[in-house]
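Novice: Attaching a predicted model along with its sequence, questions to come.
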Protein chains: 2
Amino acid sequence: MSVVHRLTLGDVLGEHRRGRPLGTAVVDGDVRLTWPELDARVNRVAGALAADGVTAGGRVLWLGQNSFRVLELLLACSRLGAIFCPANWRQSADELAHVLTDLAPAVVVWEESEAVEKARGQVALDARWVRSGGDAGPGGRAEYEAWAAAGDPIDPDAEVSADSPVLALYTAAFDGRPSAALLSDAALIAHSMSLLHIRQMEDGFTYLACGPLFHVGTMMFTLAAFQLGGTVVFTPAYEPTEVCRLIERERVTQAFLFGPMIDGLVEANRDRAFDLSSLRFVSHSPEWDDMITVDDSPWCASKMGGYGQTEVGGMLTFLGLGMGGRGPAGRPSPLAQVRILDASGAEVPPGEVGEICARGHSVFSGYWNRPELNAAKTAGGWHHTGDLGRREPDGTITFIGPKLRMIKSANENIYPAEVERALKTHPAVADAAVIGVPDDRFGQSPKAIVVPRDGAAATAEELIEHVRGQIASYKKPRHVEFADEIPKKGFTPDYDLLDERYGGGGYPGA
Amino acid sequence: MSVVHRLTLGDVLGEHRRGRPLGTAVVDGDVRLTWPELDARVNRVAGALAADGVTAGGRVLWLGQNSFRVLELLLACSRLGAIFCPANWRQSADELAHVLTDLAPAVVVWEESEAVEKARGQVALDARWVRSGGDAGPGGRAEYEAWAAAGDPIDPDAEVSADSPVLALYTAAFDGRPSAALLSDAALIAHSMSLLHIRQMEDGFTYLACGPLFHVGTMMFTLAAFQLGGTVVFTPAYEPTEVCRLIERERVTQAFLFGPMIDGLVEANRDRAFDLSSLRFVSHSPEWDDMITVDDSPWCASKMGGYGQTEVGGMLTFLGLGMGGRGPAGRPSPLAQVRILDASGAEVPPGEVGEICARGHSVFSGYWNRPELNAAKTAGGWHHTGDLGRREPDGTITFIGPKLRMIKSANENIYPAEVERALKTHPAVADAAVIGVPDDRFGQSPKAIVVPRDGAAATAEELIEHVRGQIASYKKPRHVEFADEIPKKGFTPDYDLLDERYGGGGYPGA
């Protein structure tokens, strides 16, 4: 691609600096930056990163709550050709240590947290650590600001490729540990265009990032608002009253909200203390619809339906492009193709289930540091989502469920492989498999089948505690059963047989 | 770009075949094709083209009125990696002969025309000629249909690049003869995304191509409707009653229409014989607004304002992205950047006039067969539009006029269009043109040729003062001559003739 066709996130920022000199780019607490101000900061931050050894392809890790600095660092990385990763800072120390080791960032920007400090002590990593975060913390904002201010502004027009990765988001544990999905400037910009189109975003769009920015759901709308030259309002985390206050004060057009979060806002605004009418969003309940402006764009009218994953930048298909059709996932973004393929890579006919595979502008560039997995994911020149789907006779798409096993407990996704990996690190465990058993309260709950190591012993309680010490608590098994062997299909557990033997069931999509 | 990121026009067709098996792709007279039918035809047509020697990079020329075959041939060329050119068949035989010689197509699809036959006789071209066109003509449709039907369907998934040219549109004569602007699949798809966004096109969009398809204005919306999986209705040319009939019958959402064409429809539908309410379009007159549904998308609300040219796939900027701003051209598409550059390639500050330059996804791939011109057009890695513009202090863009000429006075660059624009704001000026005359002291100095408005009068001194009040003093004319008319070449002054008549000369680089 010739340079006259180039468009990076940094280029978009450069255009907004010129095209919206008076426009507000970001709002975050008492911080409020115009596009020229954000542009100037980004050049300094890029200079600071470069001084700390971040070069093209280098990694920068963010471990903290939502902040305008997440966008600022991403844009600085875009101008350097580097990779920015906002990670879940609430993970366990072991999980954080995995991220630090796996990504090997040259710079870590972090907010005070015991787990982060513990993880830092566990790994041998030659990185610059810059403390950011809440006003309260010692060092806190001041340290990041001093570091950024000392940066020597870079040339914003330096040569970089729009096709190299700029954003890394840790996601599903396909082989038992989280992998960082890499998205290029081109992929993120393409995805934003799809959202601009489907959400019919217009001049003046203001997005409130009140979901976690390390998750593609919040990130994708943050980037779409950025692409359009709208305003992004950052808040550290979802807090109903604060969200109401920000919607009113900033005349917010859209926010990261779904069911229970919306109920929270309705509750917080029961006395109508806040004017939420600027919000143009999905219909939810009579009280809610009365507080906001119900939006009729295909995105909101379809109640944000579709199919997506981090590896395609967010959404691959939109119900809004197949309203009235049979498949709840609708149809692909205009910048993507979907094929339903069987295990051999051949297309299955409409009505039959196969793997949802894709090509298109927003498809990711593979996982960081996973060459073998990447080769498998792009077999035959198609991105394999790892999810099962079906083309309906009318051409719309139905998402069936993950191709590997997934347990859904209290609306959280749990991948057996990840829990098994944690179990197997216990000295008393020779082998283990995890299935989902029906659970009245949570839908499903994880159950571990464990083969004890000869001569070693551990109680169910000890094993559950062990897992809880390694990965997020909701992933720990709620039941443990001991067995002499794990039946296998090839190298992987024979889940169907395990379900049959140990009471598995209730899987999503089943 | 990896194949998992690829998206060609042929790929989009393949997706629509799967995603909209029952949807109507094209309507043209008694022809009505679903997406699978169009897809099957395209594979046959591609096979027929291949059999006639069209390979990757080969050219296919269309000389005829609007037809669904224009889209069909374009898509077939996309699947072959070839280049399709729909040209103005109403040109003179000499002009057509230039196109034939310049493009050297392997296949020419043509409709009966004396000029085409004459041009065919003038050139030595080893091409396959396939007659298409009106039902009436001998051979007519039958010949094209027999030719297409004999094609051996190609593999629609064969490897092609989305970045190679697929569409050639002849445009402005920079060096005295028309040049074919080459647009890639990627550029056309990006441009379509901008239109989908700005026009808020939704499922079910139906476009009536009633303007010429060899012009980007009609082609760009044809392609946007295609991209979305909407329906394109073709009609040979604009005929008011037929257009009304088609809007009603096909429930057309949008058509290629502007001022005088709209007046023609209002006249043709004075007795309200046709229901035009499906049309969602710009407000124009009370009668018109009452017949249609006035659309409030940023495209229609801004009355289709913006700045564009064939070389950027259509539109580069949209008023709908800068409503209420000072610059009538608004702001760039989210997939483009604009810079206002001086003759040295340096950016000029807001408020000053320079050349509108661009980078972005929809920028063309250069002109066919014009290596030197192409090098000049992409100097410094920016596409030089050849048009003058200005960033207003609010960041919006004003289009000034074509940069046909530049005058160099005391080492300052002066663009005639800017001075003419300033002159024409004076109430006593009906028309004006500015040339450069040799000047011993300054090299050149600007001279204005002014056509006074009937009944108004202003002295040369008054006009010079008026210009000085509007733009930088060095740009003001040093000489003013009054005349009865400004000779024109199309819409622009005939500067060569003006130079001859009024003593112009000494231009830089001349």
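Specialist: Perfect, I can see it now.
Novice: what helices or strands is the host helix or strand of A:Leu167 leaning on?
Specialist: Assigned by DSSP states H and E, A:Leu167 belongs to strand A:165-171. If contacts are counted by 3 or more CB pairs under 8 Å, 6 or more residues apart in numbering or on different chains; DSSP states H and E, strand A:165-171 sits against helix A:68-80, strand A:83-87, strand A:179-184, helix A:185-198, helix A:216-228. Yep, even glycine has a C-beta here, placed from its N, CA and C like the rest.
Novice: show me what contacts the residue most central in space within chain A?
Specialist: Using CA atoms, centre = their mean, the residue of chain A that lies closest to the mean C-alpha position is A:His215, 2.5 Å off. When contacts are counted by CB atoms under 8 Å, 6 or more residues apart in numbering or on different chains, A:His215 touches A:Leu169.
Novice: Tell me how far it lies from A:Ala181.
Specialist: Distance of A:His215 to A:Ala181, computed by CB to CB, to the nearest Å: 12 Å.
Novice: For chain A, give me the ranges with low pLDDT.
Specialist: In the predicted model of chain A, residues A:1, A:134-142, A:172-176, A:401, A:404, A:490-491, A:509-510 satisfy pLDDT under 70.
Novice: could you redo the last one with a cut-off of 80?
Specialist: In the predicted model of chain A, residues A:1, A:133-142, A:172-177, A:343, A:400-406, A:411-413, A:415, A:417-418, A:489-492, A:508-510 satisfy pLDDT under 80.
Novice: Give me the residues contacting stretch A:190-200.
Specialist: A:201, A:220-221, A:223-224, A:226-228, A:254, A:297-300, A:312-315, A:318, A:320-321, A:333-336, A:360-362, B:193-194, B:196-197, B:200-201, B:297, B:334-335.
Novice: Could you write out the alpha-carbon coordinates of it in PDB?
Specialist: Extracted C-alpha coordinates of stretch A:190-200, given in PDB (Å, rounded to 0.1, in the frame of the first residue of the first chain):
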ATOM      1  CA  ALA A 190     -12.100  -0.500   9.500                       C
ATOM      2  CA  HIS A 191     -14.000  -1.700  12.500                       C
ATOM      3  CA  SER A 192     -14.700   1.900  13.500                       C
ATOM      4  CA  MET A 193     -16.100   2.600  10.100                       C
ATOM      5  CA  SER A 194     -18.500  -0.300  10.500                       C
ATOM      6  CA  LEU A 195     -19.700   1.100  13.800                       C
ATOM      7  CA  LEU A 196     -20.000   4.700  12.400                       C
ATOM      8  CA  HIS A 197     -22.200   3.200   9.700                       C
ATOM      9  CA  ILE A 198     -24.300   0.800  11.700                       C
ATOM     10  CA  ARG A 199     -24.800   3.200  14.700                       C
ATOM     11  CA  GLN A 200     -25.300   6.200  12.400                       C
END
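Novice: Please parse chain A into its domains.
Specialist: A:3-162, A:320-402, A:407-502 (automatic domain parsing).
Novice: Return the residues of the stretch 101-250 of chain A in contact with chain B.
Specialist: A:163, A:186-187, A:189, A:192-194, A:196-197, A:200-203, A:227-229 (CB under 8 Å from any CB of the partner chain).
Novice: one more time with 6 Å
Specialist: A:Met193, A:Leu196, A:His197, A:Gln200, A:Glu202, A:Asp203, A:Gln227 (CB under 6 Å from any CB of the partner chain).
Novice: swap in chain A?
Specialist: So far as CB under 6 Å from any CB goes, chain A lies against chain B at A:3-7, A:11, A:15, A:18-21, A:193, A:196-197, A:200, A:202-203, A:227, A:298, A:321, A:331, A:334, A:337, A:359-361, A:363, A:378, A:381, A:383, A:395.
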